[in-house]
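Student: Turn this into a structure:
(chains A and B)
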Amino acid sequence: MSELIKVENLTIAYPMADGEVFRAIDNFSMTVSRGQIVGVVGESGAGKSTIGKATLGLLDENAVIDTGGVHLDNIMVSHLEEHAQVEIRGNKVGYIYQNPMTALNPVLTIGEQIIEAIEANTNKRGAAARDYAIALLQQAEVPLPEERLEKYPHQMSGGLCQRIVFAIAICAKPDLIIADEPTTALDVTVQKAVLDTLVRLTRQENIAIILITHDMGVVSEMCDYVYVLRHGKLVESGPAEQVLQHPKQDYSRELMAAIPRIDHKVERFAVPGGLGQVADRERAIAYLMGRQTEAGEEGQPLLRVRNLSKTFETKVTALKAATSFKAVSDVSFDVFPSETMGIVGESGSGKSTVGRLILGLHTPDPGYEIVYRGREISELKTREEKLAHRKSFQCIFQDPYSSLNPRMSAGENITYPLKAHGMLGKEEARELAGDLMELVGLPRASARKMPHAFSGGERQRIGIARALSFRPDFIFCDEPTSALDVTVQAELLNLMKDLQDQLGLTLLFVSHDLAVVRQMCDRVMVMKSGEVVESGPCDKVLVDPHEAYTQGLLAAMPRFEFAPVA
Amino acid sequence: MSAETTPVDAGTLAQRKSKEPSFAEKFRKAFRGYPSAQIGLIGIIIFVLLAIFAPLIAPQDPYDQMRLDILDGLLPPGSKLGDGTVSLLGTDALGRDIFSAVLYGLRISLVVALVAVIVGSIIGVFMGLLAAMKAGWVETLIMRTVDLKMSFPGILLALMVLAIFGTGVDKVIFALIIGAWASETRLVRAVAMSELKKEYIDSAKLAGLSDMRIMWRYLFPNSISPVLVVLPMSISGAIGTEATLSFLGVGVPITEPSLGLLIANGNDYILSGKWWISIFPGLVLVGLVLCINVVADRLRDHANPYLRGKD
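Tutor: Numbering: from 1, shown residues only, chains lettered A, B, ... in the order given. This is a model prediction of the structure:
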């Protein structure tokens, strides 16, 4: 096999305002042969996408290539003039973006976009271009290709859009496709089908792929060769199987250990996790254990939900009759004290809506029953009763970047509600904020910093501290780690397990990731289009599922061959 | 379990810049490389200083009728007055020194515009937050009132208010407030609506905080930036409207002449060669509004992330 892409000692630097230079890529080399599928993996900020962009000459204007360069077919492409690079883009190299919904132009039909790409990169025109477009869509396994040509991107699902992006990427029969997190925005069942198509397409045409991803499962299924990046530097490279199963470097080993596994429940992830000052932690735990409420009787559910439904209705307008959409229909479940109950499902399955309904952020359709600690929550009338319920029933949110008030310091975010309710004085609140920060593994002094000064994982820790500040018994966790890197996720899940053990918390844990649920939960409920498909102990439902839907979910998960359990 | 504090996410911690630039730094950055905006800013500072220190700078108190000498009337710039001083910019029909009158007029114009815009913005921001927060009839009432207000030309509305309430500095301020709040309400509501969808608002609701607290501590600080950006533009607009009203004779009273009224005073003489009475207050008015607009433009462009990349 001949070398198609050769990256030699590439260093890409961004000069920063304070005169320093930030090296996004630091002395990186790699080679890709024709027809090879090469994975570039790493956590966010590792510089994965920068490599892809450098190959296409799409670097930001202020980026400087310090040393080295990218050779494509022995031509140095990274230093070409703009017009020469346009030749290469599309013609020799195709690019697949992370979010198919934004990669397509929303005001042009699919047909216009594909034919435009065909006319720009091949010599087919008119009817010939149209026929070729249909052929491409057929190749990309888009059903009813002729009809789709007239459709707009918003009329199609994410998976279909991504297939159309594939069709555009291969229209000029390029030698190389760069796929930048092509399935991150998609559900796991869609992801599998889309990846299968991509692999088949490229094997047929002998196209090489550089697959940029953070998902080790995808790498394990697709790639021949892997490069592991961290902070722009190469950590380790080698054949996929070897790197994933027998990593040589500490960092890659940590990365592999952080991947939640579906086959076996581990006590804690083997990642280094920070814990705070002992004295402060103990103070915080003493405070949290001083909660007034009992966890409820043994054997009695802490939370009992019956016949929960929610129908969203659009208003009648001059042009449109009212439409209704049933997001949740007839969901019933119990959560027992000190257990972790999981809800899994793909996007649109109504799992988050269930959370919003029991939290009281939406009103359910009539006929429901939500009983918390033996009391029907719709019967809580007085301010005191409602507040007591609120305090005992808290939430950890999904998006760490929008769940903190950006105009309040971290400490203020944690304790402001308590101060507003007059439950704490200014001095006590500061003490408590510091103690809770230490409890979730952040330095006490950083309570004064504003949210933007923290990373996603750290923000999520602050979110946990905020939920804890009320001394709750029950916490609803709405995909708390879905926006985080895998090692950060592992640290955070460890922390949540620690806290649950120490405080006897009851958790309702929503996730789309079966493996995360397997690691966190005792029991699980599988949801599909607003309905419960199957529920039961994790050891059963996620190992030997009853229902075809759950079996399909499990089968669609990228198979990551784990090292045997030690 | 280890007892030490180990840094979390060491990698990201190392990369990220630890300090957010201070307000002064951000302000300086907004103007670096924009000479016209810098000149505008310096101009505003000079005008404001002149207005504040008018009693110290002005050679004559233009309100003190006893000090005016009718024999000094209508002298061109640079003439010697009866008491031996030189009138830099000439005098009007009453023998009032134009330079002194312009300084005091600048004061009135600035105070009227500032008070009106600040009070109008406070009302507008509050209404906008309220409309975003409370769906239903409160929102409908506020937003339809805004639509109603926006359907009148601003100057017509002000004239109507003054026709009903009479003239005077306080009435002019009132008329300008009526004209100022509505656009702020629209702006703030739009921003607040998108903030309301974010999870930190949900967290505040789950904490059992009252709507007023959520509005004040959560929604307000996160929705206010765009208003601060349009504030200078509103001020220059208010200065212009006030000058127009005073020029038409329905604005401030003759005893407290603003720039608009000074221009109106000289209007009768402009064809008889006594150009200085109108021209100097007019130049100051144009200069002030121009300076504010240049600065406002820069702030708006700087705040717009789409334009920032092309800076």
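Student: Excluding covalently adjacent residues, which one is nearest to residue B:294?
Tutor: Take residue B:294 and drop its neighbours on the chain: the residue closest to it by Cβ to Cβ, 6 or more residues apart in numbering or on different chains is residue B:40, 3.5 Å away. (Each C-beta comes from the backbone N, C-alpha and C, glycine too.)
Student: how many neighbours does that neighbour have?
Tutor: For residue B:40, the neighbour count with other Cβ atoms under 10 Å in any protein chain shown is 23.
Student: name the helices or strands packed onto the helix or strand harbouring it?
Tutor: If you go by DSSP states H and E, residue B:40 is part of helix B:35-52. Packing partners of helix B:35-52 (3 or more Cβ pairs under 8 Å, 6 or more residues apart in numbering or on different chains; DSSP states H and E): helix B:23-31, helix B:98-133, helix B:276-303.
Student: For the helix or strand encompassing residue A:236, the averaged confidence score.
Tutor: If you go by DSSP H and E, residue A:236 is part of strand A:233-239. Strand A:233-239 shows a mean pLDDT of 90.
Student: Show residues contacting the next helix or strand after it.
Tutor: The first helix or strand that comes after strand A:233-239 along the chain, using DSSP H and E, is helix A:240-245. Here helix A:240-245 makes contact (Cβ atoms under 8 Å, 6 or more residues apart in numbering or on different chains) with A:39, A:216, A:219-220, A:223-226, A:228, A:236-237, A:252, A:256, A:560-563.
Student: Show me the residues you listed that map onto strands.
Tutor: A:39, A:225, A:226, A:228, A:236, A:237 (DSSP state E).
Student: how near is the residue nearest to residue B:294 to residue B:292?
Tutor: Residue B:40 sits 7 Å away from residue B:292, taking Cβ to Cβ, to the nearest Å as the criterion.
Student: same check, this time on residue A:226
Tutor: Distance from residue A:226 to residue B:292, by Cβ to Cβ: 59 Å.
Student: which parts of the helix holding residue B:40 are buried?
Tutor: Neighbour counts over helix B:35-52 (16 or more other Cβ atoms under 10 Å in any protein chain shown) mark B:37, B:40, B:41, B:43, B:44, B:47, B:50, B:51 as buried.
Student: Go through the residues you listed and name the one nearest chain A.
Tutor: Closest approach between the buried residues of helix B:35-52 and chain A, by Cβ to the nearest Cβ: residue B:37, at 19.6 Å.
Student: ok, back up a step: taking helix B:23-31 as reference, get the angle to the helix holding residue B:40.
Tutor: Here helix B:35-52 runs at an angle of 130 degrees relative to helix B:23-31 (axes from the mean of the first three to the mean of the last three Cα atoms, to 10 degrees).
Student: how far is stretch B:196-212 from where the chain is centred?
Tutor: Counting by Cα atoms, centre = their mean, to the nearest Å, stretch B:196-212 is centred 33 Å from the centre of its parent chain.
Student: ugh, wrong one, I meant stretch A:167-176
Tutor: Per Cα atoms, centre = their mean, the centroid offset for stretch A:167-176 relative to its chain is 28 Å.
Student: now the end-to-end length of that stretch.
Tutor: Stretch A:167-176 stretches 14 Å from its first residue to its last (Cα to Cα, to the nearest Å).
Student: need the contact list for the residue lying closest to residue B:52 once chain neighbours are set aside.
Tutor: Using Cβ to Cβ, 6+ apart and skipping the chain neighbours, the partner closest in space to residue B:52 is residue B:107 (7.9 Å). Neighbour list for residue B:107: B:51, B:52, B:54 [criterion: Cβ under 8 Å, 6+ apart].
Student: Distance of the second one relative to chain A?
Tutor: Spelled out, that is residue B:52. 32 Å (Cβ to the nearest Cβ, to the nearest Å).
Student: what's the spacing between that residue and residue B:103?
Tutor: Using Cβ to Cβ, residue B:52 is found at 10 Å from residue B:103.
Student: got it, and the first one?
Tutor: From residue B:51 across to residue B:103, the span is 7 Å (Cβ to Cβ).
Student: Centre-most residue in chain A?
Tutor: Computing the C-alpha centroid of chain A and ranking residues by Cα atoms, centre = their mean puts residue A:482 first, at 3.8 Å.
Student: Just want the phi and psi numbers for it.
Tutor: The phi and psi values for residue A:482, taken as degrees, to the nearest 10, are phi -70, psi -20.
Student: same deal with residue A:190?
Tutor: Here is the backbone geometry of residue A:190 (degrees, to the nearest 10): phi -70, psi -40.
Student: Least confident secondary structure element in chain A?
Tutor: Least confident helix or strand of chain A, by mean pLDDT, DSSP states H and E, is helix A:82-88 with a mean of 77.
Student: how about that one: buried residues?
Tutor: Buried residues in helix A:82-88 (16+ other Cβ under 10 Å): A:85, A:88.
Student: As PDB, could you dump the C-alpha coordinates of that helix?
Tutor: Provided in PDB are the C-alpha atoms of helix A:82-88 (Å, rounded to 0.1, in the frame of the first residue of the first chain):
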ATOM      1  CA  GLU A  82      -6.000  29.100  -1.300                       C
ATOM      2  CA  HIS A  83      -7.000  28.400  -5.000                       C
ATOM      3  CA  ALA A  84      -4.900  25.300  -5.100                       C
ATOM      4  CA  GLN A  85      -6.500  24.000  -1.900                       C
ATOM      5  CA  VAL A  86     -10.000  24.500  -3.300                       C
ATOM      6  CA  GLU A  87      -9.000  22.000  -6.000                       C
ATOM      7  CA  ILE A  88      -8.100  19.500  -3.400                       C
END
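Student: pLDDT score for residue B:294?
Tutor: 92.
Student: Return the residues in contact with it.
Tutor: By Cβ under 8 Å, 6+ apart, residue B:294 lies in contact with B:36, B:37, B:39, B:40.
Student: Could you tell me which residues make contact with the closest residue in space to residue A:485 that isn't next to it in sequence?
Tutor: Leaving aside its sequence neighbours, residue A:485 sits nearest to residue A:43 (Cβ to Cβ, 6+ apart; 4.0 Å). If a contact means Cβ under 8 Å, 6+ apart, then residue A:43 has A:214, A:230, A:255, A:485, A:486, A:487, A:488, B:11 as its contacts.
Student: In TSV, list those residues along with secondary structure.
Tutor: Output for the contacts of residue A:43, formatted as TSV (DSSP: H, G, I helix; E, B strand; the rest coil):
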residue	secondary structure
A:214	coil
A:230	strand
A:255	helix
A:485	coil
A:486	helix
A:487	helix
A:488	helix
B:11	helix
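Student: what's the closest of those residues to residue B:208?
Tutor: residue A:488 (30.5 Å; Cβ to Cβ).
Student: residues near residue B:280, how many?
Tutor: 23.
Student: isn't it right up against residue B:102?
Tutor: Yes. Using Cβ atoms under 8 Å, residue B:280 is in contact with residue B:102, at 5.7 Å.
Student: re the thing from before, which of the helices and strands packed on helix B:35-52 sits most buried?
Tutor: Most buried of those, by mean neighbour count (mean count of other Cβ atoms under 10 Å in any protein chain shown): helix B:98-133, with a mean of 23.
Student: Residue A:413 touches residue A:451, doesn't it?
Tutor: Yes. Between residue A:413 and residue A:451 there is a contact under Cβ under 8 Å: 6.9 Å.
Student: Mind checking which of those two has more residues around it?
Tutor: Using other Cβ under 10 Å as the criterion, residue A:413 and residue A:451 rank with residue A:413 on top: 27 against 23.
Student: mind listing what the residue nearest to residue A:260 when sequence neighbours are not counted touches?
Tutor: Counting by Cβ to Cβ, 6+ apart, residue A:260 lies nearest to residue A:515, which is 3.9 Å off, once chain neighbours are set aside. Contact analysis of residue A:515 by Cβ under 8 Å, 6+ apart lists A:259, A:260, A:261, A:262, A:557.
Student: What are the phi and psi values at the fourth one?
Tutor: With angles defined as degrees, to the nearest 10, residue A:262 sits at phi -90, psi -20.
Student: What is the burial count for it?
Tutor: Residue A:262 has 21 neighbouring residues, counting by other Cβ under 10 Å.
Student: Nothing else from me, thank you.
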